[in-house]
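Peer 1: model the structure of this input:
(one chain, ligands or ions: 2)
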Amino acid sequence: MAEDSQTSFAAGLEDVVANTSEICYVDGKEGRLIYQGYDIHDLINGKATFEEVIYLLWNGELPTASALKTFTDQIAGQRALKPEVLNFLKTVKKDANAMEVLRTAVSYAGIYDDDNGDESIDANVRKATRLVAQVPTIVTSYERIRQGLEPVEPDRGLSMAASFFYLLTGSKPDAFTEEAFNIALILHADHELNASTFSARVTAATLSDIYSAITSAVGTLKGPLHGGANEQVMKMLLEVGTVDKVQSYIDQALAEKRKIMGFGHRVYRTEDPRATHLRRLSKQAGERADNTAWYEMSQVIERTVMEKKGLNPNVDFYSASMYYSLGLPVHLFTPIFACSRVSGWTAHVLEQYRNNRLIRPRAEYTGATDRTYVPMDRR
Ligand SMILES: CC(=O)SCCNC(=O)CCNC(=O)[C@H](O)C(C)(C)COP(=O)(O)OP(=O)(O)OC[C@H]1O[C@@H](n2cnc3c(N)ncnc32)[C@H](O)[C@@H]1OP(=O)(O)O
Ligand SMILES: O=C([O-])CC(=O)C(=O)O
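Peer 2: Numbers count the residues shown, from 1 in each chain. Ligands and ions are numbered 1, 2, ... in the order given. As a prediction, this is how the structure comes out:
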């Protein structure tokens with residue numbers, strides 16, 4: 001064994017502290033989520049906007065009214081896609097996975113970004129602004145193109161929450177939908193060194209460009225153990241169908257050693273504070289849609305999984321029924337997560353650039369040693 005081999009190995013890097021960050025603190029024991037010192041409950045109870053939270057994540061301070069207006073206008077002014085990106089969305093196959101399309105479109109947009117090749121701090125902030133502005137446009141435009149509809153021209157006067165629905169449907173959402181979606185965007189904005197943010201930081205730490213980092217992150221978020229879980233949760237609810245089938249479904253899944261999607265977490269050992277809000281919003285969205293069946297089924301699943309496995313729901317559990325009740329297509333649930341998390345990813349990439357060191361851990365070598373090469377004719 002090589003002399004410099006590492007002696008401590010943590011499977012899945014559990015509890016390994018891989019960098020310092022001022023952006024976000026997750027208290028897994030108490031179930032608290034803090035953005036730049038502000039508890040998410042305070043941000044939501046104080047009726048913060050998603051734009052305000054992006055400003056906070058990037059700058060470390062809450063904006064004044066005029067700073068927020070300038071920032072909001074800057075984002076709103078960057079929503080339109082470059083013709084090359086739009087053309088990619090129009091020519092890619094219509095039944096592609098929406099996260100794969102987003103991943104490739106982000107990578108493509110980087111090539112055509114006006115600041116491509118400029119790695120100055122100002123250029124990276126401009127690129128980050130375009131990324132948070134355009135990820136929702138990519139997601140909604142591809143969905144419309146897939147349905148045989150023309151993409152909608154962005155409306156600069158709309159909030160990020162309202163703009164998503166406008167770009168998707170051509171109509172402005174009602175006040176409840178805008179408010180609920182704004183909260184969901186805030187809740188998904190950042191989560192310390194989750195897998196996709198870590199992959200963004202690893203890419204950025206090679207001093208590669210911000211679009212490459214966000215492309216890595218989108219690909220990582222897609223997996224069902226991470227952001228992809230919200231779509232799997234809704235598929236489970238649809239498969240279970242009715243409340244009376246929950247018990248047998250969960251029993252069978254656990255007997256087959258299958259994971260119940262939307263439950264468990266690497267850090268939280270108690271209620272995920274985001275689930276507290278999403279549970280309430282799932283109920284309210286169900287009531288407004290005159291169908292609380294998905295919420296009620298979710299409640300029974302939550303009780304059953306707690307009873308049988310002692311696991312709490314994570315952010316992906318109640319967001320599924322909430323989005324479904326808002327009329328959003330299931331295959332957009334994970335792209336919607338990306339529309340929010342791109343704010344945290346970009347905050348982390350900008351932080352990585354400010355104080356960079358290559359991220360390069362070691363592997364504990366478990367392979368063979370001291371073998372002698374055997375020529376081909378003697379194998
Ligand atoms: C935005 C987000 O990324 S939130 C997470 C979204 N992902 C999901 O909801 C997928 C379902 N959940 C999971 O797969 C896991 O809980 C993860 C991936 C979130 C965390 O994984 P880890 O920290 O590696 O925990 P790990 O998978 O080792 O689970 C520990 C134990 O709890 C069990 N467990 C964890 N989650 C679940 C679950 N959802 N259903 C059933 N059992 C579970 C495991 O089987 C394991 O049991 P064992 O020790 O008897 O083998
Ligand atoms: O922190 C994690 O490991 C996963 C998570 O909840 C998130 O990314 O929001």
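
Peer 1: would you map the strands across the stretch 151-300 of the chain?
Peer 2: Along the stretch 151-300 of the chain, counting by DSSP state E, counting those that start in this stretch, no stretch forms strands.

Peer 1: quick one, helices of it?
Peer 2: Ranges of helices in the stretch 151-300 of the chain, per DSSP state H, counting those that start in this stretch, are 160-169, 175-187, 195-204, 210-221, 229-240, 246-255, 273-288, 293-309.

Peer 1: could those go into JSON lines alongside mean neighbour count?
Peer 2: C-beta coordinates here come from the backbone N, C-alpha and C atoms, glycine included. Supplementary listing: these in JSON lines, determined by neighbours: other C-beta atoms under 10 Å:
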{"stretch": "helix 160-169", "mean neighbour count": "23"}
{"stretch": "helix 175-187", "mean neighbour count": "22"}
{"stretch": "helix 195-204", "mean neighbour count": "23"}
{"stretch": "helix 210-221", "mean neighbour count": "25"}
{"stretch": "helix 229-240", "mean neighbour count": "22"}
{"stretch": "helix 246-255", "mean neighbour count": "15"}
{"stretch": "helix 273-288", "mean neighbour count": "21"}
{"stretch": "helix 293-309", "mean neighbour count": "18"}
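
Peer 1: out of those, nearest to ligand 2?
Peer 2: Checking the helices of the stretch 151-300 of the chain against ligand 2 by C-beta to the nearest ligand atom gives helix 195-204 as the closest, at 6.2 Å.

Peer 1: list the helices and strands that closest one packs on?
Peer 2: Packed against helix 195-204 by the contact rule (3 or more C-beta pairs under 8 Å, 6 or more residues apart in numbering; DSSP states H and E) you find helix 210-221, helix 333-354.

Peer 1: coming back round to it: nearest to residue 89, of the helices of the stretch 151-300 of the chain?
Peer 2: helix 160-169 (12.4 Å; C-beta to C-beta).

Peer 1: list the helices and strands that closest one packs on?
Peer 2: Checked by 3+ C-beta pairs under 8 Å, 6+ apart, helix 160-169 has helix 50-59, helix 121-146, helix 175-187 packed alongside it.

Peer 1: I'd like the average pLDDT over it.
Peer 2: The average of the pLDDT scores along helix 160-169 is 98.

Peer 1: keeping just the C-alphas, turn it into CSV.
Peer 2: Extracted in CSV, the C-alpha atoms of helix 160-169 (Å, rounded to 0.1, in the frame of the first residue of the first chain):
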residue,chain,number,x,y,z
MET,A,160,-39.8,35.5,-10.7
ALA,A,161,-42.6,33.5,-9.2
ALA,A,162,-45.3,35.0,-11.5
SER,A,163,-43.0,34.9,-14.5
PHE,A,164,-42.6,31.2,-14.4
PHE,A,165,-46.4,30.6,-14.8
TYR,A,166,-46.6,33.3,-17.4
LEU,A,167,-43.9,31.8,-19.5
LEU,A,168,-45.4,28.4,-19.1
THR,A,169,-49.0,29.2,-19.8
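
Peer 1: identify the residue nearest residue 219 in space, chain neighbours excluded?
Peer 2: Once flanking residues are discounted, residue 219 sits nearest to residue 103: 5.1 Å by C-beta to C-beta, 6 or more residues apart in numbering.

Peer 1: could you look up the SS state of the one you found?
Peer 2: Under the three-state scheme (DSSP: H, G, I helix; E, B strand; the rest coil), residue 103 adopts helix.

Peer 1: if we can go back for a sec, JSON lines for the helices and strands packed on helix 160-169, including distance to residue 16 and mean pLDDT?
Peer 2: Formatted as JSON lines, the helices and strands packed on helix 160-169 follow (distance: least, C-beta to C-beta, whole Å; pLDDT from 0 to 100):
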{"stretch": "helix 50-59", "distance to residue 16": "23", "mean pLDDT": "98"}
{"stretch": "helix 121-146", "distance to residue 16": "27", "mean pLDDT": "98"}
{"stretch": "helix 175-187", "distance to residue 16": "25", "mean pLDDT": "98"}
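
Peer 1: need the winner for burial among these.
Peer 2: Of all the helices and strands packed on helix 160-169, helix 50-59 carries the top mean neighbour count, a mean of 23, counting by mean count of other C-beta atoms under 10 Å.

Peer 1: what is the burial count for the residue of the stretch 201-350 of the chain found nearest ligand 2?
Peer 2: Using C-beta to the nearest ligand atom, the point where the stretch 201-350 of the chain gets nearest to ligand 2 is residue 266, with a distance of 4.7 Å. By other C-beta atoms under 10 Å, 15 other residues sit near residue 266.

Peer 1: before we move on, back to that, dump the helices and strands packed on helix 195-204 to TSV, plus mean pLDDT.
Peer 2: Formatted as TSV, those follow (pLDDT from 0 to 100):
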stretch	mean pLDDT
helix 210-221	99
helix 333-354	99
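
Peer 1: export those to TSV and tack on distance to residue 192?
Peer 2: Below are the helices and strands packed on helix 195-204 laid out as TSV (distance: least, C-beta to C-beta, whole Å):
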stretch	distance to residue 192
helix 210-221	14
helix 333-354	9
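
Peer 1: quick one: closest of those helices to residue 179.
Peer 2: When the helices and strands packed on helix 195-204 are compared by C-beta to C-beta, helix 333-354 sits nearest residue 179, at 15.1 Å.

Peer 1: which helices and strands does that closest one pack with?
Peer 2: helix 50-59, helix 98-112, helix 121-146, helix 175-187, helix 195-204, helix 210-221, helix 229-240, helix 315-325.
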